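>>> One predicted model, sequence on top.
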Amino acid sequence: MILQLFFIVIAAVTLISAIFVVTAKRLMHAALWLVLALFGVAVLFAFLEASFYAVVQVLVYIGAIAILIIFAVMLTRRMMDEKGAQLNKGWWVAAVAAAALFAGLLAALGAWAGFQEGPGAAPDTAVLTQFGIDLVDPSKVAIPFEVASILLLAALVGAIYIAADKKGGKG
C-alpha cells in the first residue's frame, strides 16, 4: 500500500512537471521543469529496481543534456524575443493526438501479459556485463558515443559564439 502511494505521488509529480515543461511561458522555467520531470523518471526507474537505468537517467539526461539546455538558454537569452505569442493556433490538434497516443499505449500495455506480471525477476547480470563491454568496444557504440559528445561540445561552443558581444566582449 505504501509503495503504491509512493509510486502514484512520484508519477503525478513527473506528469505535472512534464505538463509544465510544455506550458511554461519562459524557456528557462521550461528547462527547470524538464530537470524535475527527468528526475521523476529516474526515481521511477529506481522504484522499479532498474538501478542502472536510474543512474544513466541522472548522469546523462539531468547531468548533461538538461544542463546543456540551461547553459544554451542562459547564453542566448538576449537573442530571443519572448514577446511573441507562446501558443500555437493548432494546439488542440496536438492535444487530441497526444490523448489518442496515450489511450493507444494504455490499450497496448493492458493487452500485454508481461506488463500485468510486473517486475520481480532478478536482473540478468550477463546482459549488463555485455552492455558494459559494448559501451567500450570501438566496433559497437564507443565511437558513436564520442561523436555525440563532440556534437554537443560544438553546440555549446556555437551557443557561446552566438551569445558573445560582437564589439569585443564589452557591454
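Good, I have the coordinates.

>>> Only C-alpha atoms from now on, for both contacts and neighbour counts.
Fine.

>>> ranges for the helices of this protein?
Under the criterion DSSP state H, helices of the chain are mapped to 2-23, 27-47, 51-56, 67-76, 91-111, 113-117, 125-136, 142-163.

>>> pretty sure residue 7 is touching residue 43, no?
No. When contacts are counted by CA atoms under 8 Å, residue 7 is not listed as touching residue 43 (9.2 Å).

>>> Who has more neighbours out of those two?
Higher neighbour count among residue 7 and residue 43: residue 43, with 23 against 16, using other CA atoms under 10 Å.

>>> Now residue 24: phi and psi?
Main-chain dihedrals, residue 24, degrees, to the nearest 10: phi -70, psi 140.

>>> tell me the contacts of it?
residue 30 (CA atoms under 8 Å, 6 or more residues apart in numbering).

>>> cool, residue 41 as well?
Contacts of residue 41 by CA under 8 Å, 6+ apart are 14, 54, 57.

>>> just the buried members of these?
14, 54, 57 (16 or more other CA atoms under 10 Å).

>>> Now tabulate these in TSV and tack on pLDDT.
TSV is the format used below for the buried ones among the contacts of residue 41 (pLDDT from 0 to 100):
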residue	pLDDT
14	93
54	83
57	84
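
>>> Just name the closest of these to residue 75, please.
residue 57 (24.8 Å; CA to CA).

>>> wait, the closest one sits on residue 36?
No. Judged on CA under 8 Å, residue 57 makes no contact with residue 36 at a distance of 11.8 Å.
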